[in-house]
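In: Okay, here's the prediction I keep looking at, along with the sequence it came from:
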Amino acid sequence: KRWNKNKKKNWRNKIDLTDLEDNLDKQRLELRTGGLVKDKLDHELYVVEKKAGNVNELPKQKPKYKRLRVDQILVPNPKDIKPTSKRNCAKFKRREARQTLIAKLGKKKTPVRGRSKHVNLSLDIWNQESKEIAEKVFRKNEIMRHTEGVVGKAQIQRPLHLDNKFGVKQAVKAVEPAHPGASYNPTFEDHQDLMLQEHNRESHKIAVNEKIERAIATNPLEIATDESQQKEWMEGLFDGGEEESDLEEDDDEGIRVNPPVSTEDRKTRKVRKREAREKDELKKKKIEWENKLKEHEIFRTKTFLSEIKQKEKKMELRKAKRQLRDRMPVLSAVKYVEPDQDVQLSSDMRGSLRQLKPEGNLIFDRYKSLQKRCIIETREKFKPPRRKYKIKFQEKRSFREIEL
């Protein structure tokens with residue numbers, strides 16, 4: 001049915017008022033039965049349950065299968081039924097064991113407030129072994145310990161990278177406090193300590209740059225020129241006849257034929273025996289001297305111990321350096337570099353906050369902190385690559401033909 005929407009009597013036809021009418025009916029019902037619910041107090045609406053028993057207990061479920069009335073009259077208790085054969089006897093025993101186990105598992109002990117579930121108050125820990133206490137307190141038997149050692153421990157063990165928020169081995173604070181020497185009115189010692197740190201950092205940078213320059217530096221006298229290359233190429237081409245003849249003469253003079261060994265120069269058997277005896281004596285003396293040195297090393301135990309301690313210290317220092325180096329995971333090809341601290345010279349120091357000049361940049365500080373905590377990777381400002389050839393501009397013919 002159609003109606004005119006510009007008439008007031010037809011406005012109600014297009015508005016759904018069912019929710020409003022339901023709400024009004026509900027309010028009228030509440031007014032009839034003792035007043036509106038929203039105006040009542042808590043103790044008028046709710047009642048505290050004071051009955052004994054656990055509120056969270058589920059209602060007892062009814063058995064799925066009900067016994068017939070005939071069976072109840074004939075056999076009031078099903079446990080009194082005796083099995084006819086051995087096979088049925090074993091079946092009844094298994095069924096009873098299963099039912100007792102289910103009954104035990106179904107019972108839940110209510111834990112005492114403020115105490116753990118597994119704590120036994122009557123447990124004497126002084127007169128028992130640790131294994132027995134662990135079995136009673138933690139309910140661990142040999143099978144559970146075996147599975148933990150072989151299989152379960154590897155699965156339950158928490159990964160190391162989850163111990164820290166961002167996966168860094170040593171935790172880094174989000175906001176690190178500045179050095180006390182960076183204060184507007186620091187003590188003399190703190191300010192000098194900060195100046196020394198920055199001095200060492202700058203000197204290290206200068207030393208690195210000097211090392212690179214020394215490695216790159218070349219001697220201008222050693223650089224090959226066009227003239228030196230031509231001389232090398234021309235060597236031996238001109239005026240080489242006399243030199244070659246001189247060289248041949250020298251070679252002829254240098255060649256000498258060894259004369260045959262005479263029988264008089266040969267060693268006799270007596271001489272050979274004497275030399276062998278002397279060699280054996282030298283070997284024996286050397287062995288005796290080495291043994292004496294080993295015996296005297298007992299009196300040098302203090303020096304050996306000090307050397308061992310020094311080696312251990314060096315090893316610890318290397319280990320600490322390696323840990324510092326491996327602290328941050330590699331997220332990009334660029335290494336993280338600590339930014340320079342804001343340092344004021346002694347001449348620039350001011351004793352009041354009015355004369356203080358602001359230094360540093362808060363956004364840069366937060367950006368570096370994110371890099372240090374490995375939230376974002378370290379980056380560098382993009383530099384476009386240099387062109388090998390210059391850009392060549394050329395007018396097109398079609399453009400050149402246009403004349404205004």
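Out: Cool, got the structure. Numbering: from 1, shown residues only.
In: From residue 360, how far off is residue 132?
Out: 64 Å (C-beta to C-beta, to the nearest Å). No exception for glycine: its C-beta is placed from N, CA and C like everyone else's.
In: cool, and residue 24?
Out: 67 Å.
In: same check, this time on residue 285
Out: For residue 285 relative to residue 360 (C-beta to C-beta), the value is 75 Å.
In: Tell me where this protein is predicted with low confidence.
Out: Scanning the chain with the threshold set as pLDDT under 70 gives 1, 3, 12-15, 52-66, 75-88, 105-123, 150-171, 239-264, 324-328, 400-404.
In: Please save the CA atoms from stretch 370-378 in CSV.
Out: Extracted C-alpha coordinates of stretch 370-378, given in CSV (Å, rounded to 0.1, in the frame of the first residue of the first chain):
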residue,chain,number,x,y,z
LEU,A,370,66.5,2.8,18.7
GLN,A,371,69.5,1.6,16.7
LYS,A,372,71.4,0.6,19.8
ARG,A,373,68.5,-1.4,21.1
CYS,A,374,68.2,-3.2,17.7
ILE,A,375,64.7,-2.0,17.0
ILE,A,376,65.8,-0.5,13.7
GLU,A,377,68.9,-1.2,11.6
THR,A,378,71.8,1.2,11.4
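In: May I see the buried residues of that stretch?
Out: 371, 372, 373, 374, 378 (16 or more other C-beta atoms under 10 Å).
In: Tell me the secondary structure at residue 237.
Out: Using DSSP: H, G, I helix; E, B strand; the rest coil, the structure places residue 237 in coil.
In: how close does it sit to residue 24?
Out: Residue 237 is 123 Å from residue 24, by C-beta to C-beta.
In: So for those two, which sits in the more crowded spot?
Out: Remark: of residue 237 and residue 24, residue 24 carries more neighbours, 11 against 7, as counted by other C-beta atoms under 10 Å.
In: any chance of the buried residues of stretch 370-378 in JSON lines, plus distance to residue 265 and secondary structure?
Out: Putting the buried residues of stretch 370-378 into JSON lines (distance: C-beta to C-beta, whole Å; DSSP: H, G, I helix; E, B strand; the rest coil) gives the following:
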{"residue": "371", "distance to residue 265": "82", "secondary structure": "helix"}
{"residue": "372", "distance to residue 265": "82", "secondary structure": "helix"}
{"residue": "373", "distance to residue 265": "85", "secondary structure": "coil"}
{"residue": "374", "distance to residue 265": "81", "secondary structure": "coil"}
{"residue": "378", "distance to residue 265": "79", "secondary structure": "coil"}
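In: Mind telling me the two of the residues you listed farthest from one another?
Out: Largest separation among the buried residues of stretch 370-378 by C-beta to C-beta: 373 and 378, giving 11.7 Å.
In: if I look at residue 315, how far off is residue 308?
Out: 10 Å.
In: domain parsing for this protein?
Out: 8-45, 158-213+271-349+359-377 (automatic domain parsing).
In: Burial-wise, tell me which of the ones you listed comes out on top.
Out: Highest mean neighbour count of these: domain 158-213+271-349+359-377, a mean of 12 (counted as mean count of other C-beta atoms under 10 Å).
In: roughly how far out does that one sit from the chain middle?
Out: 21 Å (C-alpha atoms, centre = their mean, to the nearest Å).
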